[in-house]
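1. Dropping a prediction and its sequence here:
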Amino acid sequence: MNLIASLASLARPVLTLPLVRQTRRNHSLEHATIHLLSRRVKVPMAGRSDQTGFVLFGNIPTTAVEAAARDALKRLQSGERHLAIHPNCGTNLVTTAFMVTVAAFIASIGAKPGERWSRLPLAMALSMIALFASRPIGMELQRHITTDGDPADTEIVTVTQHDIRLPMSKTPITVHRVETRSS
């Protein structure tokens, strides 16, 4: 068992709290939906999950979002847990940012103010190592901590579309809300 799986095992009491469990299931469904939509439409998209579902940002027809979400749920329920993990997940981004920051910090330990620039090559080397190591670590964090590839009794309740306009933006952003229910 790897370190992250061991940490997840220790964190099981927290990971199985209803709020956390439902959010992790919805995070998996969000990823699976994005995987399936990415094969069908070529538009930028992003999502964010919570206890009651997820939002999907992207100019995508509602019928396509609903079809992909329902298909994704069926596929997760039939055991296609790999769909719960996505390479562009925020978990990977946060993992990378954290590891690179720690690497740069480690390189600066003990440096006097006048020595900081001389530590730049070490900081860059450690940051590159952290950058390469962060991807598989982020994927494992998704697999064991931030998603739950078993949707259990999750069901899709509604899929709604909203267009929002950001300040100083001429074109609206399409946002879909996928509401779910689970125990």
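-> Arrived safely.
2. what about the strands in the protein?
-> In the chain, the segments counted as strands under DSSP state E are 46-50, 53-57, 155-164, 173-181.
3. and of these, who's closest to Leu3?
-> Proximity to Leu3, assessed across the strands of the chain by Cβ to Cβ, is greatest for strand 46-50 (24.8 Å). Backbone N, C-alpha and C define where each C-beta goes, glycine included.
4. May I have the closest one as CSV, with CA atoms only?
-> The C-alpha coordinates for strand 46-50 follow below in CSV (Å, rounded to 0.1, in the frame of the first residue of the first chain):
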residue,chain,number,x,y,z
ALA,A,46,-14.0,23.4,-16.0
GLY,A,47,-16.0,22.1,-13.1
ARG,A,48,-16.4,22.5,-9.3
SER,A,49,-18.1,19.9,-7.1
ASP,A,50,-19.9,20.2,-3.8
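5. where does the protein have low pLDDT?
-> 1 (pLDDT under 70).
6. my guess is Phe57 contacts Val175, does it?
-> Yes - here Phe57 reaches Val175: they are 5.6 Å apart, a contact under Cβ atoms under 8 Å.
7. Can you tell me the centre-most residue of the chain?
-> Cys89 (3.2 Å; Cα atoms, centre = their mean).
8. any idea how far that one lies from Thr95?
-> From Cys89 across to Thr95, the span is 9 Å (Cβ to Cβ, to the nearest Å).
9. can I see the domain layout of this structure?
-> 17-85+155-181, 90-144 (automatic domain parsing).
10. quick one, which of the ones you listed is nearest to Ala5?
-> Per Cβ to Cβ, nearest to Ala5 of the domains of the chain: domain 90-144, 5.3 Å.
11. What is the end-to-end distance of the closest one?
-> 15 Å (Cα to Cα, to the nearest Å).
12. Make 6 the starting number, not 1.
-> In the new count, where the first residue is 6, that last one comes out as domain 95-149.
13. hang on, the earlier thing: rebuild the strands of the chain as TSV, extending it with mean neighbour count and distance to Pro118.
-> Shown next, in TSV, are the strands of the chain (neighbours: other Cβ atoms under 10 Å; distance: least, Cβ to Cβ, whole Å):
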stretch	mean neighbour count	distance to Pro118
strand 51-55	18	41
strand 58-62	21	44
strand 160-169	13	47
strand 178-186	18	45
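14. Adding distance to Met144, write the ones you listed out as a markdown table.
-> Listed next are the strands of the chain as a markdown table, based on distance: least, Cβ to Cβ, whole Å:
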| stretch | distance to Met144 |
| --- | --- |
| strand 51-55 | 17 |
| strand 58-62 | 19 |
| strand 160-169 | 26 |
| strand 178-186 | 23 |
